[in-house]
Structures are given as structure tokens and as C-alpha cells.
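> Dropping a prediction and its sequence here:
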Amino acid sequence: MIYALDSNIISYILKGNKNVKENFTNAINNNNFFSIPPLVYYEVKRWLTLRNANVQLKEFTKLYQDSVKSEMNLKIWEKAIELYVNLRLKGSLTGDSDIFIAAFCIVNDYVLVTNNTKHFEIVKGLKTKNWKD
């Protein structure tokens, strides 16, 4: 199984949140892998760079190097369009970032690990897990 880490989960890892770090370590020890979606990479790195958080930036770079790499390909863009249209027609739209992260996970068959499960519960076909609880 591959877990895709949302930016809030990465933040908890970098801050040393006990529950999240424990769940992350257990996942790795159970031969699961993790990925950092390209949009999450952008969100986290821009924030750490803006804040001059060099220690956390170094830790994040190491985390990213250890992750499974998956690019934003045309299938993901098409899935994002489908999700956007379906959500818009239902009147339950979420932000573009969340749509792209959800599409990335659905197309790659990854489980999204997030503390913002409410943002994603409206996305049909997306598997989520919350390591914070």
C-alpha cells in the first residue's frame, strides 16, 4: 500500500506530533510506502522557504527523497477535471488544491493521509486515513 501524505500530515511529522510520527513509522515498518503529491511538495516547500525554516526544510527534503515519486500526468489532470465538474454540479465544490491531490491519489490508487478528512469526504472513490486521531 502507498500512502500519499497531505501537507498537514507532513507538518505534523516535522513538528514531531507523537500520533502522526508513530503511525508513519508503523506504516513504514509494515512495508508500506509513502508518496508526497507534487502539489503537496509545492505547498510545504514554499511555506518552509518563506519562513526560512532551514532545519525543517532539510528534514522535508530528506522525507521527499525517501518517498515514491509520481508525476502529474494527463490521467490525473483528466480525473481532476471530472472531479471538479461532478462536485460543481452537485454544489459541493472544494478547492483546486484538494481536487488535484484527490485526483492524484485516485489515479495512482494511493490512500490519502490527511487531518482534513472533511475536505475530502465529498470526493467519490478517494480512500483516506487520519493519522492524527
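Now that the structure is in, tell me what you want to look at. Numbering: from 1, shown residues only.
> contacts, neighbours, all on C-alpha from now
Noted.
> which residues in the chain form strands?
Remark: strands assigned in the chain by DSSP state E are 2-5, 33-35, 111-113, 128-129.
> Return the helix or strand in the protein with minimum mean pLDDT.
Of all helical and strand segments in the chain, the minimum by mean pLDDT, DSSP states H and E falls on helix 117-120, at a mean of 88.
> mind saving the C-alpha coords of it as CSV?
What follows is helix 117-120, C-alpha atoms only, in CSV (Å, rounded to 0.1, in the frame of the first residue of the first chain):
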residue,chain,number,x,y,z
THR,A,117,-10.9,14.4,6.1
LYS,A,118,-14.0,16.7,5.8
HIS,A,119,-12.4,18.5,2.8
PHE,A,120,-12.1,15.2,1.0
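> What lies in contact with it?
The contact list for helix 117-120, computed with C-alpha atoms under 8 Å, 6 or more residues apart in numbering, reads 94, 98, 102, 126, 128-130.
> OK, contacts around Ser40?
One thing to correct before we go on: residue 40 is Val, not Ser. With C-alpha under 8 Å, 6+ apart, Val40 has these contacts: 5-7, 101.
> ok, back up a step: filter the contacts of helix 117-120 down to the ones in helices?
98, 102 (DSSP state H).
> Just the pLDDT for Gly95.
Predicted confidence (pLDDT) at Gly95: the value is 86.
> Okay, it and Asn54: tell me how far apart.
29 Å (C-alpha to C-alpha, to the nearest Å).
> returning to that earlier point: buried ones in the least confident helix or strand of the chain?
Phe120 (16 or more other C-alpha atoms under 10 Å).
> related to what we said a few turns ago, any chance of the strands of the chain in TSV, plus mean neighbour count?
Formatted as TSV, the strands of the chain follow (neighbours: other C-alpha atoms under 10 Å):
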stretch	mean neighbour count
strand 2-5	24
strand 33-35	21
strand 111-113	24
strand 128-129	18
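> and of these, who's closest to Leu50?
strand 2-5 (20.9 Å; C-alpha to C-alpha).
> what are the C-alpha coordinates of the closest one, in CSV please?
C-alpha atoms of strand 2-5 as CSV (Å, rounded to 0.1, in the frame of the first residue of the first chain):
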residue,chain,number,x,y,z
ILE,A,2,1.2,3.5,-0.7
TYR,A,3,0.1,6.4,1.5
ALA,A,4,0.0,9.9,0.0
LEU,A,5,0.8,12.5,2.7
